[in-house]
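J.: quick one: sequence and predicted model below, then my questions.
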Amino acid sequence: MSTKTDPAAIPNAEEAERDVREVAAQPASSPPRTRGPRVEDQPSPPASAIDDPPPFLGSWRNIYLLVLGELALLVILFFALTRWAS
């Protein structure tokens, strides 16, 4: 069931329609700028800082192995806790 509204029944319908067409014809404005510096404005770190080893364990490989070892330990610990509690 659809109802059509007679444009003559709406006061200023022609004016409102003209306003809508004018707004639609205008180009979209750019989004507002967020606070803080843009990424392009920030200086990039020197290449030597990117290639430096981590401050502990000597290499990223060792850190990844530590994280995997901790994950395995937690899985075993929670498995044992589950078996004990059930």
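T.: Good, I have the coordinates. Residues are numbered from 1 along each chain as shown.

J.: where does this protein have its least confident helix or strand?
T.: Taking mean pLDDT, DSSP states H and E as the measure, the helix or strand of the chain with the lowest value is helix 47-51, at a mean of 70.

J.: show me what secondary structure element comes after that helix.
T.: Using DSSP states H and E, the helix or strand that follows helix 47-51 in sequence is helix 60-85.

J.: and that following helix, what does it pack onto?
T.: Applying 3 or more CB pairs under 8 Å, 6 or more residues apart in numbering; DSSP states H and E, we find helix 60-85 packed against no helix or strand. Glycine gets a C-beta too; all of them are placed from N, C-alpha and C.

J.: remind me which residues of the protein are low pLDDT?
T.: 1-11, 27-40, 49-50 (pLDDT under 70).

J.: count the neighbours of A13 for me.
T.: Burial of A13 is recorded as 13 neighbouring residues (other CB atoms under 10 Å).

J.: what of V67?
T.: V67 is flanked by 10 other residues according to other CB under 10 Å.

J.: one more: R21?
T.: 9.

J.: which SS class is it?
T.: helix (DSSP: H, G, I helix; E, B strand; the rest coil).

J.: give the contact list for it.
T.: Not one residue lies near R21 by CB atoms under 8 Å, 6 or more residues apart in numbering.
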